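Participant: Fold the stuff below for me.
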Amino acid sequence: MITITIERSEAGRIRRFSVSGHAKYKDSGRDIVCAGVSAVTVGAVNAIEKLTGLVPEAEMRGGWLTAEAPLNEDGNFEEQAQLLLEGMVAALESIADEYTKYVQIKEIFT
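Facilitator: Numbering: from 1, shown residues only. Prediction:
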């Protein structure tokens, strides 16, 4: 199962997210669930960098990705990055709704 954890501030801003595990929906290379989750999450990190010019702190290994939301010059969460991250969450929720046995999303507030 793929586990996605979205960590939010008390104000609801996305601080960081992590993705771990494998869906095991199909054999490696044919697993549309893993491919979808990977495309959405890696795409969000790449979009933040390309569209905002900010580089999220991110680390990726086989079956694992973690990224932190970038801060602007004032030390606040960057609004455009937050919008992209919320879009990522919406897309992941669509995948999780369709493939409930393979994807779990947890949100925690810190």
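Participant: ok, so what distance separates the spatially most central residue of the chain from His22?
Facilitator: Closest to where the C-alpha atoms of the chain average out (C-alpha atoms, centre = their mean) is Thr41, at 4.2 Å. For Thr41, the distance to His22 equals 14 Å [C-beta to C-beta, to the nearest Å]. Quick note: C-beta positions are derived from backbone N, CA and C, even for glycine.
Participant: that older thread, what's near enough to touch the residue nearest to the centre of the chain?
Facilitator: By C-beta atoms under 8 Å, 6 or more residues apart in numbering, the contact set of Thr41 is 4, 17, 19, 65, 67, 88, 92.
Participant: please redo it, this time with the cut-off set to 10 Å
Facilitator: Thr41 makes contact with 2, 4, 17-19, 58, 60, 65-67, 88, 91-92 under the criterion C-beta atoms under 10 Å, 6 or more residues apart in numbering.
Participant: Which member of the residues you listed is positioned nearest Ile32?
Facilitator: Using C-beta to C-beta, Ile2 is the member of these that lies nearest Ile32, at 12.2 Å.
Participant: mind listing the strands for this structure?
Facilitator: Under the criterion DSSP state E, the chain carries strands at the ranges 2-8, 14-20, 58-61, 64-68, 103-109.
Participant: right, so of those, which gets closest to Ile48?
Facilitator: That would be strand 64-68 among those, by C-beta to C-beta, at 8.4 Å.
Participant: Phe77 pairs with what?
Facilitator: Leu71 (DSSP bridges).
Participant: For Leu65, see how far away it is.
Facilitator: From Phe77 to Leu65 the distance is 19 Å (C-beta to C-beta).
Participant: what do you get for Thr5?
Facilitator: To Leu65, Thr5 is 11 Å away according to C-beta to C-beta.
Participant: any shared contact partners between these two?
Facilitator: Contact criterion C-beta under 10 Å, 6+ apart; residues bridging Thr5 and Leu65 by contacting each: 17-20.
Participant: Could I get those in TSV, plus columns for pLDDT?
Facilitator: Output for those, formatted as TSV (pLDDT from 0 to 100):
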residue	pLDDT
Phe17	98
Ser18	98
Val19	98
Ser20	97
